[in-house]
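Colleague: Got a predicted structure here, sequence first:
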Amino acid sequence: MFANSVDTSSGVTTRVLGIDPGLTRCGFAVIDGRGPGSATAVSMGVIRTPKTDPLPQRLGALRTEFAALIAEFKPKAVAVEQVFFQVNVRTAMSVGQASGLALAEAALAGCEVIQYTPNQVKDAVAGWGGAGKEQVQKMVQARLKLTTLPRPADAADAAALALCHLAMSPIGRSLRQAASS
């Protein structure tokens, strides 16, 4: 069951921006949570930077896009996938750079900033930390009442991050406990 970090009696919505960091493809999703089991997709997509562009321009483009997303959607919280383990050092570096930009932009904008590991996200969204990509996509589709699977996978992963935050935030846990009492 999913919950948000607001007083649901007032009908207030919590908006979370999920970021699945990457230098070439960076997924994002803006999700509104309004209480136990109630979440709505506002926007989902992928920020792309050309591999042929120099690294500073690619990072600058990501920073600009992160700032624009935060300014447009005004999230209360930004959930970013934690760089946990990568076999490819080059991939780990680029994901880490994109992640750092997202964390910095969110903090500068005054958003609550949180990181979740892939296993935490899978556990919160699919009920099992070992869930596969397709299972997570299907659960995101079900939780957000989407008519089709969210694609591309980077956007679905970002939506899963936002849903994970709505489920795991301290007030979200309190709301779930109250609902089960």
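Modeller: On my side now, so go ahead.

Colleague: only C-alpha atoms for contact and neighbour calcs from this point on.
Modeller: Fine.

Colleague: can you confirm A102 is in a strand?
Modeller: No. Counting by DSSP: H, G, I helix; E, B strand; the rest coil, A102 is not part of a strand but helix.

Colleague: Could you report the distance from it to A153?
Modeller: According to Cα to Cα, to the nearest Å, A102 stands 19 Å off from A153.

Colleague: In what element of secondary structure is V113 found?
Modeller: strand 112-116 (DSSP states H and E).

Colleague: in that strand, what's buried?
Modeller: Buried residues in strand 112-116, counted by 16 or more other Cα atoms under 10 Å: V113, I114, Q115, Y116.

Colleague: what does stretch 62-81 give?
Modeller: For stretch 62-81, by 16+ other Cα under 10 Å, it's 62-63, 65-67, 69-70, 74-81.

Colleague: next one: it to chain centre, how far?
Modeller: The chain centre lies 10 Å from the centre of stretch 62-81; the measure is Cα atoms, centre = their mean, to the nearest Å.

Colleague: now swap in stretch 113-127 and tell me
Modeller: Centroid separation for stretch 113-127 versus its chain: 9 Å, with Cα atoms, centre = their mean.

Colleague: Equivalent analysis for stretch 99-115, please.
Modeller: So, by Cα atoms, centre = their mean, the centroid of stretch 99-115 is 12 Å from its chain's centroid.

Colleague: what's the first-to-last distance across it?
Modeller: Between the opening and closing residues of stretch 99-115 there is a gap of 9 Å (Cα to Cα).

Colleague: for it, what is the average pLDDT?
Modeller: Averaging pLDDT along stretch 99-115 yields 97.

Colleague: May I have the phi/psi pair for C111?
Modeller: Reported as degrees, to the nearest 10, the phi and psi values for C111 are phi -80, psi 150.
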